[in-house]
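Asker: Sharing a model prediction with you, sequence too.
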Amino acid sequence: MTVTAIGLLLFVALIFSPLGLGGGILYVPILHYILEWEMQAAVIGSLTLIFMVSLGSSLAHSKSGYADNKVANIGRSTAIPFAIIGTILSGILLDKVGDVGIKILATIVIIYVIERTISKMRLEANQIDKEIPISEKKRQYQIGNAFAGMSTGILGIGGGAILVTLNRSILKMDAHKAAGTSYLIAATIVPVALLSHILLDGITGDLYDKVGLLSIIIVPVLAFSCAFFGAKFAIKHISKNIVTIVFLCSISASLIRYIMDFIQ
């Protein structure tokens, strides 16, 4: 099961690399359901992998010209502090209502993202949107990034699903640029959330004993490599429509798994 889980984690890094997602929307279920990690440990493990995927993919997108640093800097201004707030809320939720609170929030986020993405696809089928300057939507974009940062801290999903949705629905970016800009923001807010969890949760020692030093080093490095080369290939050879469809299929799979857990 461990080998299977590692294979799935690396596969997620590969296929999510062009999507603007770090993979946390599937990392948490893999770590929690397959490896049977506690939710707090799954969140920390997920954030570690998301950070490596964000670094690899943002590097690939930036080199190809599909990332907007100005927009990313504006998004970070609210995403970073709310990532810390989200980490604190995560501990409160787990203490008061257990794993179910985290899963309910994750389900709500996924449903919102699916609805917004499908709406965007319908609009694009009828018209070609012109990208909107960040100056016209700054306040709205910052509020959206605050929610993305909070979801990073609470859910361990990196906020990428929300960030991509913001870039596409508010700023009307194309799929590749929305993904690249999302990774620039995630590469900054994820380590903040990860460090906050390490300091506040107090389970890092147990996690180290469970995983081992070799896995802690090798798996994240492999995730970085998968993300970098996966994004480079996708940017050159995969159409933006296919990227969007894969995005929807991936997050829908995670939604189905959470719903199955509620039913059981």
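Answerer: In hand now; what should we look at? Just so we're clear, the structure is a prediction, and the values are computed from it rather than from any experiment. Numbering: from 1, shown residues only.
Asker: wouldn't Tyr33 be in contact with Tyr258 here?
Answerer: No - in this structure, Tyr33 is not within contact of Tyr258 by C-beta atoms under 8 Å, at 9.9 Å. In this view, the C-beta of every residue, glycine as well, is placed from N, C-alpha and C.
Asker: What is the helix or strand containing Ile104 packed up against?
Answerer: Using DSSP states H and E, Ile104 falls within helix 99-126. For helix 99-126, the contact count by 3 or more C-beta pairs under 8 Å, 6 or more residues apart in numbering; DSSP states H and E identifies helix 24-29, helix 39-63, helix 69-96, helix 138-155, helix 160-169, helix 240-263 as packing neighbours.
Asker: Now for the residue nearest to Lys103 when sequence neighbours are not counted: which residues touch it?
Answerer: Nearest residue to Lys103, sequence neighbours excluded (C-beta to C-beta, 6 or more residues apart in numbering): Tyr258, at 5.3 Å. For Tyr258, the contacting residues are 29, 103, 106-107, 110, by C-beta atoms under 8 Å, 6 or more residues apart in numbering.
Asker: so what pLDDT did Tyr258 get?
Answerer: On pLDDT, Tyr258 comes in at 74.
Asker: now Ile85
Answerer: 90.
Asker: what number of residues lie near it?
Answerer: Other residues lying near Ile85 total 15 when counted by other C-beta atoms under 10 Å.
Asker: ok, now which ones touch it?
Answerer: Contacts of Ile85 by C-beta under 8 Å, 6+ apart are 149-150, 153.
Asker: Apply 7 Å and report the result again.
Answerer: Applying C-beta atoms under 7 Å, 6 or more residues apart in numbering to Ile85 gives the contacts 150, 153.
Asker: Give me the distance between it and Gly153.
Answerer: Plainly put, Ile85 is 7 Å away from Gly153 if you go by C-beta to C-beta, to the nearest Å.
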